[in-house]
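# Quick one, structure for this:
(2 chains)
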Amino acid sequence: MNEQQTNDSGTLVGRLIVVDDEMHIVHVLALKLRNAGYEVRTAADGEEGFELATQNPPDLIITDLQMPFLSGLEMCAKLRNHPSTSKVPAIMLTARGHALSRTDLDTTNIRLVLSKPFSPRQVLEEVERILGRPSAGALSKEAA
Amino acid sequence: MTPERSQSVSAPAHLLLQDRCRLMGIALWRFDADGARLSGPDEAGELGMWLRSPPVERLVAETIRAWRLIDVPALVRLADGFSLIPIVESQRRRRRGFFAAAAFGPELIASGFLAGTCSESGLDAGRVQEALRACAVFPTSVVERIALCLSWSQADLDTIAQDQASIADFSRKLAETYEEITLLQKLGRSMNQVAQPRKFVALACDELQKTLPFEWVAVRFTAERRLARGMSGRLHISGEAPCSHPDLEAQTTRLLAGLSPVEAMVLAPEHRGTLGRGTSQLLVHPVAREGQVVAAIFAGNKRGDDPHVSSTDIKLFEAAAAYLTILLDNSILYDDQQLMFIGTLEALTSSIDAKDPYTCGHSERVAELAAALATAHGLDDESVERIRLAGVIHDVGKIGVPEAVLCKTGRLTEAEFALIKQHPEIGFQILKDIPHFEDLLPGVLYHHERFDGRGYPEKIGGAGIPLMARIIGLVDAFDAMSSNRTYRSAMQRDRVMEELADNAGTQFDPELVESFKKVGLARYDELVEKHQIESESGNGGLRIRRPQPGGPEQRGGIAA
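Below is the predicted model of the structure:
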């Protein structure tokens, strides 16, 4: 899982962590993002995600909200307070309709909340937007 | 030695490991992450009794306590020829428990340890030694390698278990997704039901209820008047109702009143009243037109472990609500178009009827009666509506008959009567190229045919006359006989009915005459009264006298 991923032109475009206790979400997102050239590490709960992120900080973390051991929100707050990951942006996925409070957003680096079911293509586009990279999705749309 | 096969890898991982160890002659204990013993060696006979004896169990338990405290537990030699191999059971990176695998070497058999533990437990050392000979075969030098193999095997089994859980998760999710796609596809395909929005509502409720884990799904419309036909205030429910129907009506009305046109509400148990039980939430999704809530979709008593409404549920209800909005828009447009279309036809035919005050409102009455007779005769709703429409336009051809003839006060000549007899064909010619009118044309062209074949224009008879034309012909005659004519006053109802009966089989289809006896005439009488007033006010008391135009075949009042 730690092998270097590259895009079509052979360059590594970014390192990501996907955290979700629902395996199908992790697999679907990891596949989509790896195909776009990202290195993707995966975790099944907040504790594991925190451990992976602090061992080797990613460029961005995508996390579910409700998970065992440590929720996505708690993990994001801990990452914000940890020196090596205090700047790592996050995208939160939720399965419940409710929105996050202002405080939740102020005490974390959550840049975007997406409710499930989401389009993997949309997640990729949002990752590229947040990381300030040209979106492969946008390019292919122009070509089409 | 033939390798013995262990169980298929689809069995639970801990059973597989137990099986493999048994085949190798290795005794196995299983403990949870807190060190509680889950299972022990199941060997039979003296060997099993020794393995499960207090001194051996005590030693194993002590070792486990030590292993729990370290990240990477190592193999421990408990006695000569008695090694305890640690195998960590994990789920992803999380330690779920331990196995302790005991591998025995030949040194154990004659050891003081064996003799001591047997004597402590009151076991016959000789018999235990005998039993051990078959499995105490691992020299110290290979135990380390066996430990490695067992840990690899366990890691593989953990991965397989994890992958199998993933496949199960994927399959479940995929099945759900298929159902959701099918739901959306079904709703999309049913969007052409513009003429029957009720059917669409029923289908949407049923499909949502079957696809999503809710015990009931309901659609409730507001009392808004400008909705598609028959939809105002309507309530449809699929599944198991949470409460009585009046209660459901009252509560949905209350919730509709406070609903935002753009946002779904998820109500906690304390706010959803009797529309659910236990900890279940209630989902209320608005259906809006032009920024106004016109209906809402309700879903309650969610099944399964999680009583919470998920964002997936909300998205599907959102899609259904959007479909419903479009369908309502289309249905309203369709209704408007139908009303305008029928209104235009009525205006056209009334203007023809109005040429002669004695036929004022005739087409409307014929349409109403024809529909009533068609219903009494057992025709379906759609046929009834087409017959009503044919009734409205049946005399449209009179526009091509010179007014001088149509309203002539004196006796009609043969030539003049021939002109009047042209009106069915003129009507046919006028209407024949209008799209979707094909099925109405027989009613226009043949409404003056007689059952005995002596009518016009084609002198066809019996079942050769289309049913629609037979129906219109009968009620046309009924209306003519029941109305005042210049040459006579309206006949009494009894007389009219007698005339119909007398002419059954000659002028009229006898089966239709029978069906006509079942038709209630209250609505018809109301129309007569209404038209009477309109005629008097519209024509300022002008009376155009017209003598009886025809010969004997005109008796029975064919409205020529």
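# Which residues of chain A lie near chain B?
Chain A has residues A:22-24, A:27, A:43-44, A:48, A:51, A:94-97, A:115-117 near chain B, with proximity defined as C-beta under 8 Å from any C-beta of the partner chain. Heads up, the C-betas are built off the backbone N, CA and C, glycines and all.
# Most neighbours among those residues, please name it.
Compared across these, residue A:43 has the highest neighbour count, 24 neighbours, by other C-beta atoms under 10 Å in any protein chain shown.
# doesn't residue A:52 make contact with that one?
Yes: checked against C-beta atoms under 8 Å, the pair residue A:43 and residue A:52 is within contact range at 5.3 Å.
# Next, show the common contact partners of those two.
Listed contacts common to residue A:43 and residue A:52 are residue A:17; contacts here mean C-beta atoms under 8 Å, 6 or more residues apart in numbering or on different chains.
# Which ones among the residues of chain A next to chain B map onto strands?
A:43, A:94, A:115 (DSSP state E).
# Show the contacting residues for the residue nearest to the first one when sequence neighbours are not counted.
Using C-beta to C-beta, 6 or more residues apart in numbering or on different chains and skipping the chain neighbours, the partner closest in space to residue A:43 is residue A:49 (4.0 Å). Contact partners of residue A:49, counting by C-beta under 8 Å, 6+ apart, are A:17, A:19, A:43, A:61, A:63, A:70, A:75.
# Looking at those residues, which one is closest to residue B:405?
Proximity of the contacts of residue A:49 to residue B:405 was ranked by C-beta to C-beta; the top entry is residue A:63 with 88.2 Å.
# elements contacting the helix or strand hosting the closest one?
Element membership for residue A:63, per DSSP states H and E: strand A:60-64. If you count contacts as 3 or more C-beta pairs under 8 Å, 6 or more residues apart in numbering or on different chains; DSSP states H and E, strand A:60-64 packs onto strand A:14-19, helix A:46-55, helix A:72-81, strand A:90-94, helix A:120-130.
# So which bits of it are buried?
Neighbour counts over strand A:60-64 (16 or more other C-beta atoms under 10 Å in any protein chain shown) mark A:60, A:61, A:62, A:63, A:64 as buried.
# Name every strand pairing with it and say which way it goes.
Here strand A:60-64 has these sheet partners by DSSP bridges: strand A:14-19 (parallel), strand A:90-94 (parallel).
# Which one of the ones you listed lies nearest to residue B:104?
strand A:14-19 (44.7 Å).
# Kindly report the residues of chain B close to chain A.
B:92-94, B:165-166, B:169-170, B:173, B:264, B:266, B:308-312, B:314-315.
# Do a quick rundown of the strands in the stretch 351-500 of chain B.
Assigned by DSSP state E, counting those that start in this stretch, the stretch 351-500 of chain B shows no strands.
# before we move on, the earlier item: could you redo the ones in strands among the residues of chain A next to chain B as CSV and give each row pLDDT?
Output for those, formatted as CSV (pLDDT from 0 to 100):
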residue, pLDDT
A:43, 94
A:94, 89
A:115, 86
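# which one of those is nearest residue B:67?
Nearest to residue B:67 among these is residue A:43, at 25.5 Å by C-beta to C-beta.
# How about the contacts made by that closest one?
A:17, A:18, A:19, A:49, A:51, A:52, B:92.
# at 7 Å what do you get?
Contacts were defined as C-beta atoms under 7 Å, 6 or more residues apart in numbering or on different chains; by that measure residue A:43 touches A:17, A:19, A:49, A:52.
# ranking these by neighbours, who comes first?
residue A:49 (31 neighbours).
# Which residue is it, in chain A, that comes closest to chain B?
residue A:115 (3.7 Å; C-beta to the nearest C-beta).
# Sort out which residues of stretch B:291-299 are buried, please.
Neighbour-count burial for stretch B:291-299 flags B:293, B:294, B:295, B:296, B:297, B:298, B:299 (criterion: 16+ other C-beta under 10 Å).
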